[in-house]
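[1] Sequence and predicted structure below; questions after.
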Amino acid sequence: MNISQHITSYTKRHKIGICIMAVVFFVDLIYLSNTTSNVPIMDYWRYGDEFLYEIFNGGIWFDTFWESINGQRGFLTYLLFFINVKFFHWNTRVAIFFGSFVTFLTGLLLLYIMDSNAKGQGRKAKILEGAIVTGVSMLLFNYIQWEIKVIEFAAPFAVITFFVVLNMWLGDYILNHLDIGYGKIFGYAVLLGLSICFIYSAFFPAVVGAIGLCGMFHFFVQFKKDGFSYIGAYLIVGAGILLAAGFYLAGIQGISGSDFNLVEFGKSILDGEFFKGYAVYLGTTVLHALFSEKFGIRVTGLAGCAVALFYLISIWIYLKHREQIKSYFPVMLIVYSLLAGVLLSYGRGNVYGVAYMASSRYAFQSKMGLIGVLLIFKSVLKADGQQIARWRYVLNAAAAGCVIGALLASQAAEFKLSPYRRANYDALIETMHHIDSKEDDELEGFQANTPEQVRNTVEYMKMYRLGVFANLPPDGRYDGTGREAHGD
């Protein structure tokens, strides 16, 4: 079957799912159009201050992108920043909409991975399958993660998510087809190793942990049948992970404020703060930060407990019906989110407290586990003999209803806020145009590390005609309204 035949077959099998995903994607584009402006935010002021001059004066080398800060390397983020600067005059909205497009591609890949297992099972099963696909689509484009979606970080985070799905799907395929040959297994080890070094950043332990734990589980449950027949496949992938992790970690700097803070982390586990923060982290999957601000952090924690309950139910179903489900992919997503929560608890919650775990940016990690839960629930929409058991309908309806309901409430709240976010970003652009007359405390809205980073970067943007200064007149003077500023 050639590529065109594969595409035709895919669209026929998933036409409803593709339509649902496309509608959610279109809504996302509307949201981003109403919310975003062409203005750098947060760490991008540091990138501008450190890299812009080097980019335009031949000073960018591998070591520039490989720098270590706060316990992680930002190679992918720096690379996408470089591409945006060189080819799109550092238009932050290009990166933001690119992130949305990559998320859509991730959704199409998820549809391919899911496949339809309600075919021929009746109208109820098809309706519930559509509801599950809707829930997965809404989680993928989750507006709770607005803090990342509306700034340039949207691009690298979307690419990371795509490669999380890709590598886990391929890893699952290999576990179920260990006899495919060492060549393909070696190719997968190379892809996973490159992803560890250049894409996943500080979250690579969560990815390889999820794949590795499922691999170990498969090895032990299949040992009676396979013995050491496929040990070479495990060793190839394991060696690739170790080599890539060693390369990534060599010379890396620790996380500011939490270096060697294992004792404090242990105390947080013993006094229960870790579990409170972890529940809040899971709650950010479905509840907007506004609910924490209005009703208190406990509400998000309670939502997290409900999510944890879904996790437990899904794992129980998976273990009970493992021979029917077969795929490890949904479990990998769940384990990834759980391990990412531990990393965040150590690196952030351990330093800044429980409330910090409610940050909207962490929904990028927590959402993947709930997608895995929905995929497990969906996988049992198959008939036991002539009829699907009633509990399977109820479980899917309850899960889809809870997820869609919570996300609709959260995303409606975010849509109401979007015009105000746009107004705030537009005001920051106005500040950039008149930065020389602004005091340092008036630059806090840019969320830069220092006011000097903003001032220096704005000068570079004017010098190299970047961002909102892309159309700066030749005399270098601009009044901030799109008109040339004429002087004597």
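    Here it is on my side, so go on. Residues are numbered from 1 along each chain as shown.
[2] ok, longest helix in the protein?
    helix 390-433 (DSSP state H).
[3] which helices and strands does that one pack with?
    Judged by 3 or more Cβ pairs under 8 Å, 6 or more residues apart in numbering; DSSP states H and E, helix 390-433 is in contact with helix 15-35, helix 123-140, helix 146-149, helix 289-295, helix 297-320, helix 363-379. In this view, the C-beta of every residue, glycine as well, is placed from N, C-alpha and C.
[4] in the first one, what's buried?
    By neighbour count on 16 or more other Cβ atoms under 10 Å, the buried set for helix 15-35 is 17, 18, 20, 21, 24, 25, 27, 28, 31, 32, 35.
[5] go on, the shortest one?
    When burial is assessed from 16+ other Cβ under 10 Å, helix 146-149 yields the following buried residues: 146, 147, 148, 149.
[6] Likewise for the second one?
    Under the neighbour-count criterion of 16+ other Cβ under 10 Å, helix 123-140 has 125-126, 128-140 buried.
[7] Now do the same contact list for the residue nearest the centre of the chain.
    The centre of the chain sits closest to residue 364, judged by Cα atoms, centre = their mean, with a distance of 3.7 Å. Neighbour list for residue 364: 145, 148, 157, 160, 161 [criterion: Cβ atoms under 8 Å, 6 or more residues apart in numbering].
[8] Could you rerun that using 6 Å?
    145, 157 (Cβ atoms under 6 Å, 6 or more residues apart in numbering).
[9] From residue 190, how far out is it?
    26 Å (Cβ to Cβ, to the nearest Å).
[10] thought residue 218 was touching residue 175?
    Yes: counting by Cβ atoms under 6 Å, residue 218 touches residue 175, with 4.9 Å between them.
[11] Between those two, tell me which one has more neighbours.
    residue 175 (24 against 19; other Cβ atoms under 10 Å).
[12] in which helix or strand would I find the more buried one?
    helix 154-176 (DSSP states H and E).
[13] what comes up buried for that helix?
    Per 16+ other Cβ under 10 Å, helix 154-176 contains these buried residues: 154-175.
[14] swap in stretch 173-191?
    173, 174, 175, 178, 185, 188, 189, 191.
[15] With pLDDT and distance to residue 331 added, can I get those residues in a markdown table?
    Converted to a markdown table, those look like this (pLDDT from 0 to 100; distance: Cβ to Cβ, whole Å):
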| residue | pLDDT | distance to residue 331 |
| --- | --- | --- |
| 173 | 92 | 14 |
| 174 | 93 | 15 |
| 175 | 91 | 11 |
| 178 | 88 | 18 |
| 185 | 94 | 20 |
| 188 | 95 | 18 |
| 189 | 95 | 21 |
| 191 | 96 | 20 |
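[16] residues in contact with residue 445?
    Residue 445 neighbours (Cβ under 6 Å, 6+ apart): residue 428.
[17] Next: residue 414.
    By Cβ under 6 Å, 6+ apart, the residues touching residue 414 are 143, 146, 288.
[18] quick one: the closest residue to the last one other than its chain neighbours and residue 454, what's the gap?
    Once flanking residues are discounted, residue 288 sits nearest to residue 410: 3.8 Å by Cβ to Cβ, 6 or more residues apart in numbering. Distance, residue 410 to residue 454, using Cβ to Cβ: 31 Å.
[19] Below-threshold pLDDT in this structure: ranges please.
    Within the chain, the ranges that satisfy pLDDT under 70 run 1, 70-71, 115-125, 253-265, 267-268, 270-272, 347-353, 381-390, 392-393, 474-488.
[20] picking that back up, between the helices and strands packed on helix 390-433, which one is closest to residue 465.
    helix 15-35 (24.3 Å; Cβ to Cβ).
[21] and residue 340, that's in a helix?
    Yes: counting by DSSP: H, G, I helix; E, B strand; the rest coil, residue 340 is part of a helix.
[22] What is the nearest of the buried residues of helix 146-149 to residue 338?
    So of those, ranked by how close each gets to residue 338 (Cβ to Cβ), first place is residue 148, at 20.4 Å.
[23] Could you pull up the contacting residues of the closest one?
    Residue 148 makes contacts with 154, 157, 361, as judged by Cβ under 6 Å, 6+ apart.
[24] and the residues you listed as TSV, adding distance to residue 326?
    Output for the contacts of residue 148, formatted as TSV (distance: Cβ to Cβ, whole Å):
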residue	distance to residue 326
154	34
157	30
361	34
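[25] Just the helices from the stretch 151-300 of the chain, written as ranges.
    154-176, 182-198, 204-221, 223-226, 231-249, 262-270, 273-283, 289-295, 297-320 (DSSP state H, counting those that start in this stretch).
[26] orientation of the last one relative to helix 204-221 in degrees?
    Helix 297-320 and helix 204-221 are oriented at 30 degrees to each other (axes from the mean of the first three to the mean of the last three Cα atoms, to 10 degrees).
[27] What lies in contact with helix 297-320?
    279-280, 282-283, 285-287, 291-292, 325, 331, 355, 358, 373, 376.
[28] Got a quick PyMOL command for the buried subset of those residues?
    Here is the PyMOL selection string for the buried members of these, based on 16+ other Cβ under 10 Å:
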select buried, resi 279+280+282+283+285+286+287+291+292+325+331+358+373+376
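[29] Find the pair from the contacts of helix 297-320 with maximum spatial separation.
    325 and 355 (37.3 Å).
[30] quick one: contacts for residue 140?
    With Cβ under 6 Å, 6+ apart, residue 140 has these contacts: 103, 107.
[31] if we go to 8 Å?
    24, 103, 106, 107, 110, 161, 367, 371.
[32] List the buried residues for stretch 400-419?
    For stretch 400-419, using 16+ other Cβ under 10 Å, the buried residues are 400, 402, 403, 404, 406, 407, 410, 411, 413, 414, 418.
[33] Give the closest residue to the second one in space, chain neighbours not counted.
    With Cβ to Cβ, 6+ apart as the criterion, residue 402 has its nearest non-adjacent residue at 7.3 Å, and that residue is residue 306.
[34] And the first one, by the same measure?
    In this structure, residue 400 finds its nearest non-sequential neighbour in residue 131, 3.8 Å apart by Cβ to Cβ, 6+ apart.
[35] same deal with the third one?
    In this structure, residue 403 finds its nearest non-sequential neighbour in residue 135, 4.3 Å apart by Cβ to Cβ, 6+ apart.
[36] Let me see the contact set for that neighbour.
    374, 399, 400, 403, 404, 407.
[37] Show me how far the helix or strand hosting residue 11 is from its chain's centre.
    Per DSSP H and E: residue 11 is located in helix 3-13. On the basis of Cα atoms, centre = their mean, to the nearest Å, helix 3-13 sits 28 Å off its chain's mean C-alpha point.
[38] With stretch 9-25 instead?
    The answer for stretch 9-25 is 21 Å, by Cα atoms, centre = their mean.
[39] Please apply the same query to stretch 407-414.
    For stretch 407-414 - counting by Cα atoms, centre = their mean - the centre lies 19 Å from the chain centre.
[40] now swap in stretch 143-160 and tell me
    The answer for stretch 143-160 is 7 Å, by Cα atoms, centre = their mean.
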